[in-house]
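> quick one, fold the following:
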Amino acid sequence: MRIYKVGGAVRDRLLGIAVTDIDRVVVGATTEEMLAKGFRPVGADFPVFLHPKTGEEYALARTERKSGRGYGGFTFHASPDVTLEEDLIRRDLTINAMAEDDEQNLTDPYHGQRDLEARILRHVSPAFAEDPLRVLRVARFAARYAELGFTVATETLKLMRQLSESGELQALTAERSWKEISRALMENQPQVFIEVLRACGALKVLMPEVDALFGVPQPAIHHPEIDTGAHTLSVLQQAAHHKQPLTVRWACLLHDLGKGLTPEEQWPRHIAHESKGLKLIKAVNERFKAPRDCQELALLVGEYHTHGHRALELKASTLLELLQSFDVFRRPQRFEEFLAACEMDARGRKGLEERSYPQADYLRGAATAARSVAVQPLLEQGFKGPELGEAIKRERLKALKAYKEASS
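From the prediction side, this is the model:
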């Protein structure tokens, strides 16, 4: 029995990056031997075991053969006869197909170290094209390591394009796709993820609503970058730069989908793109089964982001409707995430990345003014039921009018 660290643990150590997850492969062992040593089995599809003391994962060396469509369409074979090289060749990228023993002796049959030094993301073997999930994984790695200068090898991008055109991407489950998408969006350069998907044709398969934004112009007076797709990528980049949570990054990606529906004869204007985009945002949310908080914020940002930009011009009644739409009295954090998304939208424009965004503090002040309305005096006046609700609304409207006057 021989045990090796494999994959990311080896890759990141060689890059000088902190190693967080350690995967281990066991060569020359049987399931019975692992159980006899106290390892606990956890793998349903292939033999993976938890160490009896540390709880870390150990997988038996295995080979795989394509047997159906999609990420799960594989037959696995694990036995003591499977070599380390046979196990490594089934992996996605050369930089993930290295192994080392406890003395850090490197096994690198597919030249992963060479590609690390050249900053290349390259597939290990033609079998890469058998697994559609690898399109998303490579795009995610491109986003993760973009700051280090990594790019996708031309021949790998070609295989990714073949996968995108094969219909295999449609076989991916929403859960597997969302796992890769959400992880990619939380990288330091999430816009690279979208760029790589677009370069290989996967974006128009997975998110045609986002793909449709590229080549759609906007008024240069508001958008010096002009192209809506380029703007979306810049907004996403700003969200990462400002360390925004996943909810905000997802909303930033989807906020302008309605502009993809504007007829060409109306370009570069996009009348009512906020409301027109809601059905598209909902479709993307449902396609990937995004978490509820991501879905809700994306829809609210899509509908109201221009309200955020025009905050200082809004009437008191419109301000109150906006605050009520976000249930700001019970869910203040969601409103904060909306303000963050609006600010990222404002900054995601060529040459305006450092602009101030006073609308955020103005809207925070409006929310504070509306929240300051006390309910107890209204109860003491005898209001109850629907009448109480109307009375609270009237008082909040008064508070917002006073706030606007004081702010002008």
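> ok, Lys289 - contacts?
Applying Cβ atoms under 8 Å, 6 or more residues apart in numbering, we find Lys289 in contact with 174-175, 178. For every residue, glycine as well, the C-beta is placed using N, CA and C.
> Ala153 reaches Ile120, doesn't it?
Yes. The pair formed by Ala153 and Ile120 meets the contact definition of Cβ atoms under 8 Å, at 5.2 Å.
> more neighbours: which of these two?
A count of neighbours by other Cβ atoms under 10 Å puts Ile120 above the other of Ala153 and Ile120, at 20 against 17.
> pLDDT score for that one?
Here, the pLDDT recorded for Ile120 equals 98.
> got it, and Leu213?
pLDDT, Leu213: 98.
> do the same with Gly70
Looking at Gly70, its pLDDT reads 49.
> one more: the one 4 residues further on?
Per-residue pLDDT puts Phe74 at 52.
> and for Thr20?
Confidence at Thr20, expressed as pLDDT, is 86.
> quick one, what contacts Arg2?
For Arg2, the contact set (Cβ under 8 Å, 6+ apart) comprises 26-28, 84, 101.
> what are the ranges of the helices in the stretch 151-300 of the chain?
Ranges of helices in the stretch 151-300 of the chain, per DSSP state H, counting those that start in this stretch, are 154-166, 174-185, 190-199, 203-206, 208-211, 228-241, 246-254, 273-276, 278-287, 292-309.
> and of these, who's closest to Ala146?
With Cβ to Cβ, the closest approach to Ala146 among the helices of the stretch 151-300 of the chain belongs to helix 190-199: 4.4 Å.
> which helices and strands sit right next to that closest one?
Under the contact definition 3 or more Cβ pairs under 8 Å, 6 or more residues apart in numbering; DSSP states H and E, helix 190-199 sits against helix 133-145, helix 154-166, helix 174-185, helix 203-206, helix 228-241.
> neighbour-wise, which one of the contacts of Arg2 leads?
Val26 (24 neighbours).
> help me confirm that that one is found in a strand?
Yes. Assessed by DSSP: H, G, I helix; E, B strand; the rest coil, Val26 belongs to a strand.
> buried sites along the longest helix seen in the chain?
Ranked by residue count and defined by DSSP state H, the top helix of the chain is helix 385-407. Using 16 or more other Cβ atoms under 10 Å as the test for burial, helix 385-407 gives 391-392, 395-397, 399-401, 403-404.
> and stretch 53-64, by the same measure?
Those would be 57-64, for stretch 53-64 by 16+ other Cβ under 10 Å.
> please tabulate these in JSON lines, including the columns secondary structure.
What follows is the buried residues of stretch 53-64, written out as JSON lines (three-state DSSP):
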{"residue": "Glu57", "secondary structure": "strand"}
{"residue": "Tyr58", "secondary structure": "strand"}
{"residue": "Ala59", "secondary structure": "strand"}
{"residue": "Leu60", "secondary structure": "strand"}
{"residue": "Ala61", "secondary structure": "coil"}
{"residue": "Arg62", "secondary structure": "strand"}
{"residue": "Thr63", "secondary structure": "strand"}
{"residue": "Glu64", "secondary structure": "strand"}
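> ok, so of the residues you listed, who is nearest Gln238?
Relative to Gln238, the closest of these is Glu57; by Cβ to Cβ it sits at 36.7 Å.
> once you drop chain neighbours, what's closest to the closest one?
The shortest distance from Glu57 to any non-neighbouring residue, by Cβ to Cβ, 6 or more residues apart in numbering, is to Val48 (5.7 Å).
> now do Trp250
Among residues not flanking Trp250 along the chain, Cys294 sits closest, at 4.5 Å (Cβ to Cβ, 6+ apart).
> so the one you found makes contact with Pro245?
No. Using Cβ under 8 Å, Cys294 makes no contact with Pro245, being 9.5 Å away.
> who has more neighbours, these two?
Using other Cβ under 10 Å as the criterion, Cys294 and Pro245 rank with Cys294 on top: 22 against 16.
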